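**Student:** Need a 3D model of the sequence below.
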Amino acid sequence: ASPPPSAAGPLTPSSLSAFHAARSRRAVLRFSRLPPSFTPSKLRAILTRFGAVDRVFLPREPAAARAARAKAGGARRRRFGDGWVEFLEKGDAKRFAARANGMRIGDVVGRKKGVRGCEDDLWNVKYLKGFAWEDLTEKAAFERRVREQRVREEVASARDDRDFYLEQVSRARAFEEMEERNKRKREDGMLVEGKENKVKKAKRHNPAGAGEEAEEGEKGERKVRRKFRQKGAKGAEQGEGGAQEDDALFEKLFKK
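**Tutor:** Residues are numbered from 1 along each chain as shown. Sure thing, here's the model as predicted:
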């Protein structure tokens, strides 16, 4: 079965140029402040009387600000502090901004049902020349990327702090274990300390009769003096008989 035809129809050069022309006629208004009771639907209903409105974007207030207000006894409903509105025609957007900016809402809109309680608030609106709605989405995407990058950096920093802390804990534990082993060695008499213990240790490694003695120098340094047993002269042991035998041996060797 063949696919169903597109509802918009084929794209032609004339339709493409008409699309670009309609897009170039759009304009964006910036509302730096809105009354607490305004919502996107209410703002759209008010502005529709001044021209065709396409898109409305009102960022919600932070959750921390809402919680602080509710804790202080204020309204629990989430508010919209500022926003952007896109008009389909630049002329409508310019006329509304020139008429409403700095004026009371009741003077511009009148005493309608949607503005009761905020008639005395002032409009804070500005026409953004050369600003398109795509620029706003790009800005929001950029801020989102910056926020995500900041979160990643904070997570990486927290991970480094955790690894450093664990490393220090491991080192401290190893140091404590080493101190415990040394303590047990001292209690068992295996660890020798002090000058006297050094001498005792030297004597233990060089017992008497091995031909070595450990002495202390003037500066407390340990010196080892070695002694070796000397053998007597061979002639003295053999006596005169041994000397005569040697003379007879020499005569035999050198006799002509």
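
**Student:** Quick check: buried residues in the one helix or strand residue 68 maps to?
**Tutor:** Following DSSP states H and E, one finds residue 68 within helix 63-71. Neighbour-count burial for helix 63-71, counted by 16 or more other Cβ atoms under 10 Å, picks out 66, 69. C-beta: built from backbone N, CA, C; applies to glycine.

**Student:** so how far is that helix off the chain centroid?
**Tutor:** 29 Å (Cα atoms, centre = their mean, to the nearest Å).

**Student:** Tell me which strands the next helix or strand after it pairs with, and in which orientation.
**Tutor:** Counting by DSSP H and E, the next helix or strand C-terminal to helix 63-71 is strand 83-87. Strand pairing for strand 83-87, using DSSP bridges, gives strand 27-33 (antiparallel), strand 53-57 (antiparallel).

**Student:** among those strands, which is the most enclosed?
**Tutor:** strand 27-33 (a mean of 19; mean count of other Cβ atoms under 10 Å).

**Student:** outside of it, which residues touch it?
**Tutor:** 43, 81-87, 89-90, 92-94, 96-97, 123-128, 131-133, 136 (Cβ atoms under 8 Å, 6 or more residues apart in numbering).

**Student:** hmm, try it at 6 Å
**Tutor:** 82-87, 90, 93, 97, 124-126, 128, 131, 133 (Cβ atoms under 6 Å, 6 or more residues apart in numbering).

**Student:** In these, find the pair that's most separated.
**Tutor:** 82 and 90 (21.4 Å; Cβ to Cβ).

**Student:** Which among the strands paired with strand 83-87 is found nearest to residue 71?
**Tutor:** strand 27-33 (23.4 Å).

**Student:** Let me know the angle separating the helix or strand just after that closest one from strand 83-87.
**Tutor:** The first helix or strand that comes after strand 27-33 along the chain, using DSSP H and E, is helix 40-47. Calculated by axes from the mean of the first three to the mean of the last three Cα atoms, to 10 degrees, helix 40-47 forms an angle of 50 degrees with strand 83-87.
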